[in-house]
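**Q** next comes the sequence, and after it the predicted model I'd like to discuss.
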Number of protein chains: 2
Amino acid sequence: MTRTKPAGTPLGDDFHVYDTTLRDGAQREGIAYSVTDKLAVARLLDHLGVGFIEGGWPGALPKDTEFFRRAAEGELALEHAALVAFGSTRRSGIAVDEDPQVAALLESRAPVVTLVAKSDRRHIESALRTDVDDNCAMIADTVRHLVDNGRRVFVDAEHFFDGYAHDPDTSLRVLEAAAGAGADVVVLCDTNGGQLPLQLAETVSEVISRTGLRVGIHCQDDTDCAVANSVAAVQAGATHVQCTANGYGERAGNADLFAVLGNLGVKLGMPVLPEGKLPELTRVSHALAEIANLAPDTHQAYVGHSAFAHKAGLHASAIKVDPELYNHMDPAAVGNDMRVLVTEMAGRASLELKGAELGLDLSQRPDAVGGAVQRVKELEARGWSFEAADASLELLLRRELSGDELETPFELDSYRVVLDHADDGGVLAEATVRVTVGGSREIATAEGNGPVNALDAALRKALVPHLPWLEAVELADYKVRILVDEPGTDAVTRVLVESRDGEQEWTTVGVHANIVEASWLALCDALIYKALH
Amino acid sequence: MTRTKPAGTPLGDDFHVYDTTLRDGAQREGIAYSVTDKLAVARLLDHLGVGFIEGGWPGALPKDTEFFRRAAEGELALEHAALVAFGSTRRSGIAVDEDPQVAALLESRAPVVTLVAKSDRRHIESALRTDVDDNCAMIADTVRHLVDNGRRVFVDAEHFFDGYAHDPDTSLRVLEAAAGAGADVVVLCDTNGGQLPLQLAETVSEVISRTGLRVGIHCQDDTDCAVANSVAAVQAGATHVQCTANGYGERAGNADLFAVLGNLGVKLGMPVLPEGKLPELTRVSHALAEIANLAPDTHQAYVGHSAFAHKAGLHASAIKVDPELYNHMDPAAVGNDMRVLVTEMAGRASLELKGAELGLDLSQRPDAVGGAVQRVKELEARGWSFEAADASLELLLRRELSGDELETPFELDSYRVVLDHADDGGVLAEATVRVTVGGSREIATAEGNGPVNALDAALRKALVPHLPWLEAVELADYKVRILVDEPGTDAVTRVLVESRDGEQEWTTVGVHANIVEASWLALCDALIYKALH
């Protein structure tokens, strides 16, 4: 029997970090991975050093079948992880070697297969419409068939905790059928996600002592306890933990891989990742959010942009004394940063710290700090936010320091944008900008696929002949937030523009009731910032 | 001594549901409550039936001082909750009745005061720069002074768990100083949020058995365990739990009130809210997100839009058999719904269920279902999403059923939008629309504060003379999402428009590279939907 040992995890086969982002995570509302996306996700997870990557359900979903084919044909070279195909046991009433779904699992060429098996008597009877004996035979036949064909097999005992509470003997029989046929790990699944940690830990510990089997854990987040439940299960003896990146998954999601790794790796000191990989958590988390096309959760434990960010004046002044007293750990251990937020609640201490982060010494200029605090307060009251727009904040501080006169090589004077949807359905966006640069007034017109794209193109057309460095600057990301204010007043639009030029990235903000004007303000700040660096 | 008993909570003073959204929650990056917002938040929390509402820090933040003043002057009539002022103990080296910050607590007229006190020796020494005796004297003096002035006092033992691990005797002395001076509850705070549930429960239980004191719990979410930790602490004997709405708070946030109430109320069966209030959880959670001006977390446990939503084809077909087997509880118990998502993973079963939700019988029209599945797949591949846009999905299904010919009383033919930013800084948005209605072609031009507002105004101007029902329709919400696709391809913009007319609300979607065109598509769907109802 093949034993596919995770190569990179220091705990080797003694402990399994098992990722199911590509299968269970993909069930999150809003996620639709392409095959290319799936390959990119697998590469990042492997780079991080997880032991097992569940790639999908070959035979059931065409994209997953293709993913395994392309992986097997060489597009996925894994350094640390073993690739896992997910599938169900043979159907009732047919031989295992005649079940096309089981055949597809072998055809996927994945060295490991995780089978989902019913372990709650009610589900066996009402959803499968069969009895416990038949269910156990389906499991045992399928496990044995896959093991005989050289695969390593894990079994996900679906609805285990609910089933065990309802009828423990049936649930244990299912585990024993799986293990008896050669499954290496029986994974206790809180499929409906209703568990709380103290009880769950008791159940895990009881199952281990009653069966002596190697037990894994798979938690859904319906009580907001998936991470806690996973960690509690490990403390109770589970040696295989199934997670998804950023907790993606159906309904409230799954246990978040990064929080589980943070808790096991940092809090409990378990060597769950290869040496030096914990500091990759933040980067990998954000990259996986990008591939899923979801905004990273700013408040995510360990890896969120705000996870170590302090806002209140109280803490901000104390942090100047001793940062370690106000963080539960060193943010760098998981690749994150401590940021100090500038908001109306923060006092001068915050702004001075922020100035130091930006390389501006404000300690000798209390007038400028006072002016900047005031200006930030005024702008934030009107919907601006500098928390994510360091470049605009820097310009604000520089304007205060320079008495509102920033020396820039251009003036961005005015624009006109025309958007046209003709009777025949044709759609057109055109922008004209007027700028003063190198002593002369320039007018340029450009088309784009939308108003901001057209404005950006027209600005370049007007400025690049005078300022060739502008050629390298590109709009890397563009975010829009509609801010609904007090009832009866108008909503304003906040635009964040992220720019880059190959050397650095910077973010600017613009706010206006008119989305195009807000974008213009952020685009102008982006160019002015670059002109000053 | 006054005892302010929560009037509405069935457990009365035996168990405290204590909300600190307005103080600790407000420290979340992105939240900036006005005083009016704060009053609205307090009214919603009181309506829900929490026992205590911490309103802020009078004397430290001007908005909070004003909030307490306006509350005391009659703007906040509480039915269930007692209002709590938060503050710190007297400063070192001055008499308690000379400390202006302590005076501000009394001046707030809040019947309950929660004092924050250092309970970690390292913080006492390095942040307060004093010793344990002095710290205990500061706590005892302040508690006694407030109690003597008729206030009920709770003490938040800051950094308790870290302090207790480092030097348990100091931490226990702090608790005893507080209780000895008349504090009713000593609240163990996991201020840095680094705890895990099994250990935290042990500590809580140990503290209770060593001191015999009434203990509360306050958890931050830095390990993604704040909710689990809070529930575990209650199971270990804590009888006072501090939470924030939707888990808002600094860094990774606090324990989410709604998940804690769901877990205590539904999972553990504790009567934590007045009779009939648990089904308000979803509504109140979303309303509080609106006031905080944050998008509700769609994947939040219990109350998220997706918390009971099933996506996968596997589950979607099983749900048709027995919904109870696939939810950890009845969603209606917390005021939520089971939705079936329409996505490329879902099969025909999902779409038929969705049709039934929308009141369309599709079982006799397999051709239309097939066509609709195909059309949804195509559109979702191009960035559309119908998960939140039921009205657009209904139009899509109706178009399939009617062979693409929907009878509408108007045709929306074309538009032109001009956006102008003049040299003098003046900004203008103007839209012209051309429509066919009542047999004639109408052209109308209107100004607005932005392109979409101008388009909306022009559409009304053209249509209302023919279709007076349109007068009641208003644009209730407008959301924009920039979708960055594969590298090298253009980003598209997805716009969601929520409309209402006093009787119902409906959401439509539009997708295009041009944000104004995407908005136009969603606006058109919104009007067509209304015309068909």
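**A** Cool, the structure landed.

**Q** now do the buried residues in stretch A:472-488.
**A** A:473, A:475, A:478-483 (16 or more other Cβ atoms under 10 Å in any protein chain shown). Yep, even glycine has a C-beta here, placed from its N, CA and C like the rest.

**Q** looking at the stretch 51-200 of chain A, which residue is nearest chain B?
**A** Closest residue of the stretch 51-200 of chain A to chain B, Cβ to the nearest Cβ: A:Gly194 (3.1 Å).

**Q** quick check: closest non-adjacent residue to that residue.
**A** Nearest residue to A:Gly194 in three dimensions, chain neighbours excluded: B:His328, at 3.1 Å (Cβ to Cβ, 6 or more residues apart in numbering or on different chains).

**Q** and if you look at A:Thr114?
**A** A:Phe154 (4.5 Å).

**Q** so what's the residue count around A:Glu79?
**A** Under the neighbour criterion other Cβ atoms under 10 Å in any protein chain shown, A:Glu79 is assigned a count of 11.

**Q** now do the SS call for A:Val495.
**A** strand (DSSP: H, G, I helix; E, B strand; the rest coil).

**Q** list the contacts of the residue lying closest to it once chain neighbours are set aside.
**A** Distances taken as Cβ to Cβ, 6+ apart put A:Ala518 closest to A:Val495, at 4.3 Å, once the chain neighbours are dropped. Applying Cβ atoms under 8 Å, 6 or more residues apart in numbering or on different chains to A:Ala518 gives the contacts A:492-495, A:510-512.

**Q** how about TSV for those, with neighbour count, pLDDT and distance to B:Gly249 added?
**A** Output for the contacts of A:Ala518, formatted as TSV (neighbours: other Cβ atoms under 10 Å in any protein chain shown; pLDDT from 0 to 100; distance: Cβ to Cβ, whole Å):
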residue	neighbour count	pLDDT	distance to B:Gly249
A:Val492	21	84	26
A:Thr493	24	87	27
A:Arg494	22	85	22
A:Val495	26	88	27
A:Gly510	24	94	28
A:Val511	20	93	25
A:His512	22	93	30
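
**Q** and which of those is nearest A:Leu467?
**A** Checking the contacts of A:Ala518 against A:Leu467 by Cβ to Cβ gives A:Gly510 as the nearest, at 20.9 Å.

**Q** and that closest one, bridged to which residues?
**A** Here A:Gly510 sits in beta bridges with A:Val495, going by DSSP bridges.

**Q** how about the helices in the stretch 101-250 of chain A?
**A** In the stretch 101-250 of chain A, the helices defined using DSSP state H, counting those that start in this stretch lie at A:121-126, A:132-148, A:160-166, A:168-180, A:197-211, A:226-235.

**Q** now mean pLDDT, distance to A:Gly335 and mean neighbour count too, for these, in TSV please.
**A** Below are the helices of the stretch 101-250 of chain A laid out as TSV (pLDDT from 0 to 100; distance: least, Cβ to Cβ, whole Å; neighbours: other Cβ atoms under 10 Å in any protein chain shown):
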stretch	mean pLDDT	distance to A:Gly335	mean neighbour count
helix A:121-126	93	41	19
helix A:132-148	98	38	21
helix A:160-166	97	34	22
helix A:168-180	98	38	21
helix A:197-211	98	27	19
helix A:226-235	98	18	29
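
**Q** can I get the ones you listed in JSON lines including distance to chain B?
**A** Compiled in JSON lines, the helices of the stretch 101-250 of chain A are given as follows (distance: least, Cβ to the nearest Cβ, whole Å):
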{"stretch": "helix A:121-126", "distance to chain B": "6"}
{"stretch": "helix A:132-148", "distance to chain B": "15"}
{"stretch": "helix A:160-166", "distance to chain B": "8"}
{"stretch": "helix A:168-180", "distance to chain B": "15"}
{"stretch": "helix A:197-211", "distance to chain B": "4"}
{"stretch": "helix A:226-235", "distance to chain B": "3"}
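
**Q** ok, which of these comes nearest B:Val215?
**A** That would be helix A:197-211 among the helices of the stretch 101-250 of chain A, by Cβ to Cβ, at 16.9 Å.

**Q** what sits against A:Val153?
**A** Contacts of A:Val153 (Cβ under 8 Å, 6+ apart): A:112-115, A:143, A:146-147, A:182-184.

**Q** no no, A:Arg214
**A** Counted by Cβ under 8 Å, 6+ apart, A:Arg214 has contacts A:179, A:184-186, A:239-240.

**Q** pLDDT below threshold where in the stretch 251-400 of chain A?
**A** A:293, A:311-321, A:339-350, A:353, A:387-388 (pLDDT under 70).

**Q** can you give me the helices for it?
**A** Along the stretch 251-400 of chain A, counting by DSSP H, counting those that start in this stretch, helices occupy A:257-261, A:281-292, A:313-321, A:348-357, A:366-381, A:390-401.

**Q** now, of those helices, which is deepest in the fold?
**A** When you average the neighbours per residue for each of the helices of the stretch 251-400 of chain A (mean count of other Cβ atoms under 10 Å in any protein chain shown), helix A:257-261 leads with a mean of 30.

**Q** check which helices and strands that helix sits against.
**A** The contact analysis (3 or more Cβ pairs under 8 Å, 6 or more residues apart in numbering or on different chains; DSSP states H and E) places helix A:257-261 against strand A:16-19, helix A:226-235, strand A:240-243, helix A:281-292.

**Q** picking that back up, name the pair among the contacts of A:Arg214 with the greatest separation in space.
**A** A:Ala179 and A:Thr239 (14.0 Å).

**Q** who wins for neighbours among the contacts of A:Val153?
**A** A:Ala183 leads the contacts of A:Val153 on contacts (other Cβ under 10 Å) with 30 neighbours.

**Q** show me the contacts for that residue.
**A** A:115, A:143, A:147, A:153-155.

**Q** just the residues you listed now: which is nearest A:Val373?
**A** For these, the residue nearest A:Val373 by Cβ to Cβ is A:Phe154; the value is 56.8 Å.

**Q** what about that closest one, how many residues nearby?
**A** 25.

**Q** without its sequence neighbours, what residue ends up closest to A:Ala110?
**A** A:Ala85 (3.8 Å).

**Q** hang on, the earlier thing: let me have the helices of the stretch 101-250 of chain A in CSV, extended by distance to B:Leu406.
**A** As requested, these are exported to CSV (distance: least, Cβ to Cβ, whole Å):
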stretch, distance to B:Leu406
helix A:121-126, 40
helix A:132-148, 48
helix A:160-166, 45
helix A:168-180, 51
helix A:197-211, 51
helix A:226-235, 44
